[in-house]
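Trainee: I would like the atomic coordinates for the input below:
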Amino acid sequence: MKLQVDEPRPFKLMSPASVEEAVRLWHDHRGEAMYLAGGGDVVDVVKRHLARPSVLLDLKRIPALRGINAANITAPQPSITLGSLTTLRELAEDENVRRYLPALAAAASRVATPQIRNIGTLGGNLLQENRCPYFRGPWYCYRHGGMHCYARHGFHREHAIFAGDRCYVVSPSDLAPVVVAGNALVHVHGRKGPRTMDAEDLFVPASQNLTRMHALDDGEVLTAVEFRVRQPQQPRELPPGDRGIRGSIAPLPVEKRFPNVFLKYAMRNSFDFALASVAVFLDRDGRRVHRCRIALGAVAATPYRARDAERVVAGKLLTDEVIHEAGRAAVLGAEPLELNAYKVGLVQKLVTEALQELSA
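Mentor: Numbers count the residues shown, from 1 in each chain. Below is the predicted model:
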């Protein structure tokens, strides 16, 4: 067994020079190929034989997938575009990201260790496989096509407290709550060419598909993540927490009007995956919040929108009373398992602290 974990099945490494070539090669080797970005997760998956590709397509030689473009940051409708192969270290240290998207910079800085952040990428972090030890072990669970969730009645201290439908894995990505709370656009490229989706639609809940963590079509490459400002056009009957946000592009956090924050709790400040995290994006005029988006991490199979908490905050001043009410609302509907009930109080605490930080 140890030899199997340490030794992947033999594979051929190919380095396409463009996204189009990468997609073509994937389809030429359909069913046998996998994409390789930073490699932190894919290498582990291949070594554990959770996947057995005969071809790995190394994307690192495609320059179009790299870089941070903030050229439109001073335009009437500013935007910032992040290439999917931009490293976590670059995200954490870039001046424009730290200024306009501090939540993203903070999330990137909390991923693993400096060595991993030097090679880990934005796209790889968003698309990584779940970390359930039963899935990554020799158990034939639901996500492997079996008929049982071993975590449900086993060790589930780090598992989901929201939307656990037969499977209780959580999204392990630190960046995912940020792109969902910021309502970013995700650009992908496949056999039919490029397309764009809302970040929230990138992630697949357990109720929709037990075998996949993301909604990319076969052979598609995630090319970039973009944050924009666009004037909202929403019907008045939408809930206050969603007015002007869902269906449009969430405002880029420019200066003080669009503040955002990311908080993460893990057993250790370095290396560990989150036990719970929160990303909050506000659109406000002074202290009054016009719109709010709150996404929770490590509590569901997808970044989990705390819509009840959003509705508490929208249209209000960030008073202590509103902040604590939002914290309580953030955990409405939670259904913890026997060993992870602590996450309920942890989420409430993180949401409260995030809003307190934004109210300062």
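
Trainee: from here on, contacts and neighbour counts on C-alpha atoms
Mentor: OK.

Trainee: Could you verify my assumption that residue 178 touches residue 304?
Mentor: No - in this structure, residue 178 is not within contact of residue 304 by CA atoms under 8 Å, at 11.0 Å.

Trainee: what do the two both touch?
Mentor: Taking CA atoms under 8 Å, 6 or more residues apart in numbering as the contact definition, residue 178 and residue 304 share the neighbouring residues residue 295.

Trainee: Of those two, give the one with the bigger neighbour count.
Mentor: residue 178 (34 against 25; other CA atoms under 10 Å).

Trainee: Leaving out the residues flanking it, which one is nearest to the residue minimising distance to the centre of the chain?
Mentor: In the chain, the centroid-proximal residue (CA atoms, centre = their mean) is residue 176; its distance is 1.2 Å. Nearest residue to residue 176, sequence neighbours excluded (CA to CA, 6 or more residues apart in numbering): residue 126, at 5.7 Å.

Trainee: Quick one: classify that neighbour as helix, strand or coil.
Mentor: Following DSSP: H, G, I helix; E, B strand; the rest coil, we place residue 126 in the helix state.

Trainee: Next, count neighbours for it.
Mentor: Residue 126 - counted by other CA under 10 Å - has 23 other residues nearby.

Trainee: and the gap between it and residue 159?
Mentor: 18 Å (CA to CA, to the nearest Å).

Trainee: Ok, residue 320 next?
Mentor: 31 Å.

Trainee: quick one, strands of the stretch 101-250 of the chain?
Mentor: Along the stretch 101-250 of the chain, counting by DSSP state E, counting those that start in this stretch, strands occupy 185-190, 193-198, 221-228.

Trainee: quick one: the residue nearest to the centre of the chain and residue 195, what's the gap?
Mentor: Distance from residue 176 to residue 195, by CA to CA: 19 Å.

Trainee: Same check on residue 208?
Mentor: According to CA to CA, residue 208 stands 21 Å off from residue 195.

Trainee: higher neighbour count, the two?
Mentor: When residue 208 and residue 195 are compared for neighbours, residue 195 comes out ahead with 13 against 9, by other CA under 10 Å.

Trainee: Once you drop chain neighbours, what's closest to the more buried one?
Mentor: residue 188 (5.5 Å).

Trainee: go on, residue 220?
Mentor: Closest to residue 220 by CA to CA, 6+ apart is residue 190, at 4.2 Å.

Trainee: same check, this time on residue 70
Mentor: residue 80 (4.6 Å).

Trainee: List phi and psi for that neighbour.
Mentor: The phi/psi pair for residue 80 (degrees, to the nearest 10) reads phi -140, psi 130.

Trainee: correct me, but it touches residue 226?
Mentor: Yes - Residue 80 is within contact range of residue 226, at 5.8 Å (criterion: CA under 8 Å).

Trainee: Find the helix or strand that residue 96 is a member of.
Mentor: Here residue 96 sits within helix 95-100, counting by DSSP states H and E.

Trainee: Tell me the buried residues in that helix?
Mentor: 96, 97, 100 (16 or more other CA atoms under 10 Å).

Trainee: How far does it sit from its chain's centre?
Mentor: 19 Å (CA atoms, centre = their mean, to the nearest Å).

Trainee: Using the record's assignment, carve this structure into domains.
Mentor: 1-63, 66-359 (automatic domain parsing).

Trainee: highest average neighbour count across the ones you listed?
Mentor: Stretch with highest mean neighbour count among these: domain 66-359 (a mean of 20; mean count of other CA atoms under 10 Å).

Trainee: Between the two ends of that one, what distance do you get?
Mentor: Start-to-end, domain 66-359 (CA to CA) is 35 Å.

Trainee: Quick check: the residue nearest to residue 220 touching residue 223?
Mentor: No - look at residue 190 against residue 223 with CA under 8 Å: they stay out of range, at 10.1 Å.
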